[in-house]
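In: Fold the following.
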Amino acid sequence: MLRPDDYKLKLEVFEGPLDLLLYLIKKDEVDIYNIPIELITRQYGEYLGLMRMLDLDIAGEFLVMAATLMMIKSRMLLPVEERPPQEAEEEDPRWELIRQLLEYKKFKDAAGHLQDLERRQENIFGRGIEDPAVPPDPTLRMGEVSIFDLISALNDALKRVKSDEIGEVLAERFTVADKIEYLLTRIREEREIPFSALFQGMATRHEIVCTFLALLELIRLRQLRAVQESPFSEIHLTRLET
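Out: This is a model prediction of the structure:
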């Protein structure tokens, strides 16, 4: 049986640090040309801390980006007249990061557009071919969520639990394997679970983390699907029919 202390989730497709920065910029509805570096640095560090707590297999690029953000923040805090002579005439310290984000966003949007075209093409059939009977899928209007959407929802769930209610009950220990069975049983009974209801009745950080890791593992194994009607709206968990 899996032991939670030894469990490390390795996602097959893990989004990178630029994805996280774009996610935070979109979530906070800030101008990408005028990034509030102090806010974004603090939030980036918060997400990185959650990823470490979950023992996710974090690539080194995330740590490099954290150092870059701290460097930009420190340079912006220093008055121009107090900067070294070679830096006094330099452009805004954020511009190099902004250029990277804009370039990455351009390719990311293009890739998303190509995926949309591919999905449309799958629904086009040539003449003479009988249209296959495809039952309507009520979840097609729902959008898939990213790992950062899930981590953000977990962060909100942890904040809703009072600090004095989150403890470690040594007599009651859970494993990721326990919670996988729990989630499979619950999804069979309820068919759809709002993320906000996922941790109801859980009062220890250990149980919440094990449940969240079990969720990520079931998504990776294509047993569950996490969707939402619009960006940053309520996440719903449904069973992925095979």
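In: Quick check, residue 101 in contact with residue 24.
Out: No. With contact defined as C-beta atoms under 8 Å, residue 101 does not reach residue 24; the gap is 10.8 Å. Bear in mind the C-beta positions are built from the backbone N, C-alpha and C, glycine included.
In: so what pLDDT did the residue most central in space within the chain get?
Out: Residue closest to the average C-alpha location in the chain (C-alpha atoms, centre = their mean): residue 148, at 1.1 Å. pLDDT recorded at residue 148 is 90.
In: Buried ones in the longest helix belonging to the chain, by neighbour count?
Out: Assignment by DSSP state H gives helix 95-122 as the longest helix of the chain. Using 16 or more other C-beta atoms under 10 Å as the test for burial, helix 95-122 gives 97, 101, 104, 105.
In: Looking at these, which one is closest to residue 191?
Out: Relative to residue 191, the closest of these is residue 105; by C-beta to C-beta it sits at 36.2 Å.
In: Excluding covalently adjacent residues, which one is nearest to that closest one?
Out: Once flanking residues are discounted, residue 105 sits nearest to residue 22: 6.1 Å by C-beta to C-beta, 6 or more residues apart in numbering.
In: Quick one, grab the pLDDT at that neighbour.
Out: Looking at residue 22, its pLDDT stands at 93.
In: ok, how many other residues are close to the closest residue to residue 93 other than its chain neighbours?
Out: Leaving out its chain neighbours, the residue that sits closest to residue 93 by C-beta to C-beta, 6+ apart is residue 75, at 4.3 Å. Burial of residue 75 is recorded as 15 neighbouring residues (other C-beta atoms under 10 Å).
In: Could you do residue 92 as well?
Out: Per other C-beta under 10 Å, the neighbour tally for residue 92 reads 15.
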